[in-house]
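> Fold the following, please.
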Amino acid sequence: MIPSFVNLNSTPSLFSSVSAQQNDDSADIQDGECENLVVDDISSSNNIVGRQVAENVLDNNLGSLWIARGTSAWIQADLGESKIICDIEITWLRISPRQQYELKISISVDGINYDIVHTGRIAGNTMFIPQRYDLGEANGRYVKITVDMANANNLIGISNLVINGREDTTAEEEFTYTVDEQIEPSVKELPGIKGGPPRPVEAVVGPDGTQDEFVINEVIFRPRDQAELSAFIAKYNGTILDDGSPLLIPGANRTEDSTVPESSGWYLIRVDLERSSLNDLSSNMEQLNLTGQVVFSSQDAARLAALIARESDQDISPNFFARPGAVIEHPDYGGGNLDAERWTWMTEDDNPGAPGVQGLSVGTVNAWNYLRYMRIPPPPPSGIWSPAIVAIVDAGFDLDQTTGLPLNNNRDYFHLGDNLMQGDVVDHDLRAGGDYAGWHGQGVFGVALSRPRNGYGSAGTAGEIAYPMLIRIDGSFYHMADGIRTSVLNGANVINISWFGECNWWCRTFTGNDNAVESEVGLAVAGNAIVVSIPGNTQPLGQDIGDKYMIPCKVTGVLCVGAIMGNGQAELFSNYGNGVDIWAPDCTRSTVSRVSADDDVDDLGIDELWQFCGTSGAAPFVSGIVAMMKMPKPDMTLNEAVDILQRTSNPSTDPKVSLTGYVDAFRAVASLRENRPPSVNIILPEDGASITWGVFSGRATAQDPEQGGWFSNSIASITFTSNRDGRLCIATDRFGDYYYCQKRNLSLGSHRITAIATDIFGASGSDSIDIEVINHDPSPRIIWPPNNSEFRTGQSIEFRGFAYDLDESISDSNLSWTSNIDGPIGTGRTTSRTLSEGVHTITLQATDLYGATGETSIVVNVVSGVGIPEPEITSPRNGAQFFTGQTITFEGRAIDEEDGELPGSSLEWRSSRDSLLGTGNTISVVLSGPPTPCRPEFIGHTITLTATDSDGNSATSQIIVSVGTVC
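The predicted structure is shown next:
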């Protein structure tokens, strides 16, 4: 029966102005340490009536209610985190006063497991009177009020709920846990060992909300002796999966000590978790001062924690899990090959010796060439050398799992032919192949170690000085540590691990996990091997790892590499912060993978090469560079490598990257072996010489100490400079044993001439001399007419000449002709003029730019031309050239004052070499050429046309032609 004054679908107007009242006891409590607690969330059973929802009990208004109908109903308040609860106050609306309702108040820290802190009945006189229930300072996050009623038609209501308490300062002193199977690790399982079943991965979320992942039934254990090992195995029905025995690779460059290395002492043991009780988990955790609320992804995960806490006096830990950090080479379409030297992450800017300002300026190819320049490796055919060994500790190499040979004929692996160094520390055999993580290891290998200049695939940053060692792991910390150890024992100089595990609350709790990795990193440091790893990726934005413990990135003795884009800015997903030692490009082109090869139907073009992104690609980029650095300095330590990489790095405007800069391969490698300067010797001019100002001719020899081998000529240029005129000229080509260049128009006076020889990598040496630059007088010559020639008045006389000057070319305007009788007669190399009768001294004067002059003279006799014919050769022109055997047509004419134009019979043609040629206005003849072809190329003929008039008077006209062959 429902009272008539209660409208279950609206707020009763009877109570619209009524507010809750607290009794005196609650007021006293609030004056003490306890106070009203804030409720983050409230929920209830779903048998509410109308709109009388749970939220109404929090509004401090008696007119709004929570009402439920049925045999049982509950309402629950969530305080957000665990609190000390002193008491609660409930203002009841008991609809049926004749009924006795059963009350139960429960407290929970996790919302799953509840402790009952109060039971009783709701008294009949409680309507709208706050009732306080003392809970004795119970600890919990959730407060649940349950009311049991007689039948399904009964109603119960609450108008106001107040929870009094205080902060739980003791929560950190207690360990509590729950199991939530909704928690999922990033990887559900790891590969089986030696053909065994897959190994499940579970997770734990610590009190700080961070998650650690581990293999569910495996522990890393280092016993003090055999008895301790046997006892542990017996106690937990353990199976030894790996005893730490070294994996020795045939052909590897192991240390001189030929004895087999001892076991690492670390065991990987599979345990039977049914033998691990949960009863002592909390107490053992608290004894270890491990407190707070922990959530396991399964009950077995909690059992593993209980086992390790129970055995914490021994060296034991879970087997935590890390994950990979990946987000003239191959044939092209033009019938050629891709040129790795043009890829942006391989190239250098205009000044290789300075930080980059154009593009990335990483200078990888320049670093390769610098090592070759230093005869690393020695040039063929001789030379014994030891390449750097770069171990790729990873999984997912595209190798045949039976033969170990690269699949799909991937020639980027063929550094040593078929003898590929490889091993599997999971299955403990000598085959590293098999898919994992989308062929992750293949991509990592290709970035660092793809064989360059082989017409296939890509080119790794290590170039041709490093050989690969491929070590398969499964991502667990145990096998990561074993992979490092195996690499060191087999002679690796650089060890790349493009995996990262965030060691959070659970991981940091126990010894053994990171200690196994740290122990083997320590072995690497002692063995002078440099371990390179990654800070990892976080999508969509990278996180600051300054206060995080990334393994192996932040293990002491590891070089950690962040990823940058092509503009020198950090990749958005790359983690960053304290612990990142250097940055490097990612999304470079690795070797051919199955995925990239299947992208289209052909096998051509850059699309066949895997664009390998993520910090997983940045680390091997640096590993290849560190391998190059190891060649000139094999004993280089990690600290030295980090110092050099940072000191020679390129700057970035990204504050994440600017702390260390990003890698410059060339500058890092070049800093490790001095480039000795070349020597240079000036041959010409001689020291103390006086030379012309018009043309400076510099000649010098140079010798580079590193010259020879891979580079037949390593002198890039010789630059000649003057202390007066600055840079004169640059010689870049060698002529025989010397370099030569010219510069026109030096200043007059004393000069200090310096020749600077620079090799192809920027080192330079110099030599200097002193010279005097002087001006020489010009020397003119008259080549026509001959001295003492005779001409007639009225006859046009052609004058031809030139001037030789050591300093300059005398222009026509500076050549002047004069007659002692007629005065100036013209300028230039050629001029024509009729002269008056008499004996003329003809002078040709030349004047240079500085006003110095020179002159020469001839004598010509000009007689009266009355009654004398005037012959003229009209073709060919004076100075014409003809080939040997070529028919030459000569044309001419003659005019006489008395006879007019003379007939052809009055015209006679002669050659100075071939004598009479014929008569007439036109003749065609073949003139003789050189007796021996090309010695000389041409010989000259003076052709004379003689005209004779009817009075017997004659006159001549001459030209010169040449006959021969261009040789």
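> alpha carbons only for contacts and neighbour counts from here, please
Noted.
> Could you identify the helix or strand that succeeds the biggest helix by length in the chain?
In terms of residue count, the longest helix belonging to the chain (DSSP state H) is helix 615-630. The first helix or strand that comes after helix 615-630 along the chain, using DSSP states H and E, is helix 638-647.
> buried stuff in that following helix?
638, 641-647 (16 or more other CA atoms under 10 Å).
> ok, so of these, who is nearest F175?
L638 (41.1 Å; CA to CA).
> just to revisit the earlier point, give me the angle between the longest helix of the chain and helix 638-647.
110 degrees (axes from the mean of the first three to the mean of the last three CA atoms, to 10 degrees).
> Distance from the chain centre to helix 615-630, please.
Relative to the chain's own centre, helix 615-630 is displaced by 10 Å; criterion: CA atoms, centre = their mean, to the nearest Å.
> ok, now stretch 555-562?
Counting by CA atoms, centre = their mean, stretch 555-562 comes out at 18 Å from the chain centroid.
> Buried residues, it. List them.
In stretch 555-562, counting by 16+ other CA under 10 Å, buried: 555, 557-562.
> where does the stretch 701-850 of the chain have low pLDDT?
Applying pLDDT under 70 to the stretch 701-850 of the chain flags no residue at all.
> still on that earlier bit, as JSON lines, the buried residues of stretch 555-562 with secondary structure, distance to S766 and pLDDT would be great.
Output for the buried residues of stretch 555-562, formatted as JSON lines (DSSP: H, G, I helix; E, B strand; the rest coil; distance: CA to CA, whole Å; pLDDT from 0 to 100):
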{"residue": "V555", "secondary structure": "coil", "distance to S766": "49", "pLDDT": "92"}
{"residue": "G557", "secondary structure": "coil", "distance to S766": "44", "pLDDT": "94"}
{"residue": "V558", "secondary structure": "strand", "distance to S766": "44", "pLDDT": "96"}
{"residue": "L559", "secondary structure": "strand", "distance to S766": "41", "pLDDT": "97"}
{"residue": "C560", "secondary structure": "strand", "distance to S766": "43", "pLDDT": "97"}
{"residue": "V561", "secondary structure": "strand", "distance to S766": "41", "pLDDT": "96"}
{"residue": "G562", "secondary structure": "strand", "distance to S766": "43", "pLDDT": "95"}
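> can you tell me which strand in the chain is longest?
Ranked by number of residues, the top strand in the chain under DSSP state E is strand 72-93.
> Parallel or antiparallel, list what pairs with that strand.
Sheet pairing for strand 72-93, assigned by DSSP bridges, gives strand 41-44 (antiparallel), strand 130-148 (antiparallel), strand 155-167 (antiparallel).
> Quickly find the element holding E228.
helix 226-236.
> before we move on, what about L470?
Counting by DSSP H and E, L470 is found in strand 466-472.
> Now do that strand: distance to the chain's middle.
On CA atoms, centre = their mean, the centre of strand 466-472 falls 21 Å from that of its chain.
> ok, and what's touching it?
387-396, 413, 415-416, 420-426, 432-433, 445, 449, 483, 486-487, 492, 624, 627-628 (CA atoms under 8 Å, 6 or more residues apart in numbering).
> Restrict the residues you listed to the buried ones and give me that as a ChimeraX selection.
In ChimeraX, a selection of the buried entries from the contacts of strand 466-472 looks like this (16+ other CA under 10 Å):
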select :387,388,389,390,391,392,393,394,395,396,413,415,420,421,422,423,424,425,426,432,433,445,449,483,486,487,492,624,627,628
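> residues touching W506, list them.
204-206, 211-212.
> need the residues you listed in JSON lines with neighbour count, pLDDT and distance to Q707, can you?
Below are those laid out as JSON lines (neighbours: other CA atoms under 10 Å; pLDDT from 0 to 100; distance: CA to CA, whole Å):
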{"residue": "V204", "neighbour count": "29", "pLDDT": "92", "distance to Q707": "62"}
{"residue": "V205", "neighbour count": "22", "pLDDT": "91", "distance to Q707": "63"}
{"residue": "G206", "neighbour count": "20", "pLDDT": "89", "distance to Q707": "63"}
{"residue": "Q211", "neighbour count": "21", "pLDDT": "89", "distance to Q707": "58"}
{"residue": "D212", "neighbour count": "23", "pLDDT": "90", "distance to Q707": "57"}
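> C-terminal to the worst-scoring helix or strand of the chain on mean pLDDT, what's the next element?
Ranked by mean pLDDT, DSSP states H and E, the weakest helix or strand in the chain is helix 24-31, scoring a mean of 37. Sequence order places strand 35-36 as the next helix or strand after helix 24-31, per DSSP H and E.
> That next one packs against which elements?
strand 155-167 (3 or more CA pairs under 8 Å, 6 or more residues apart in numbering; DSSP states H and E).
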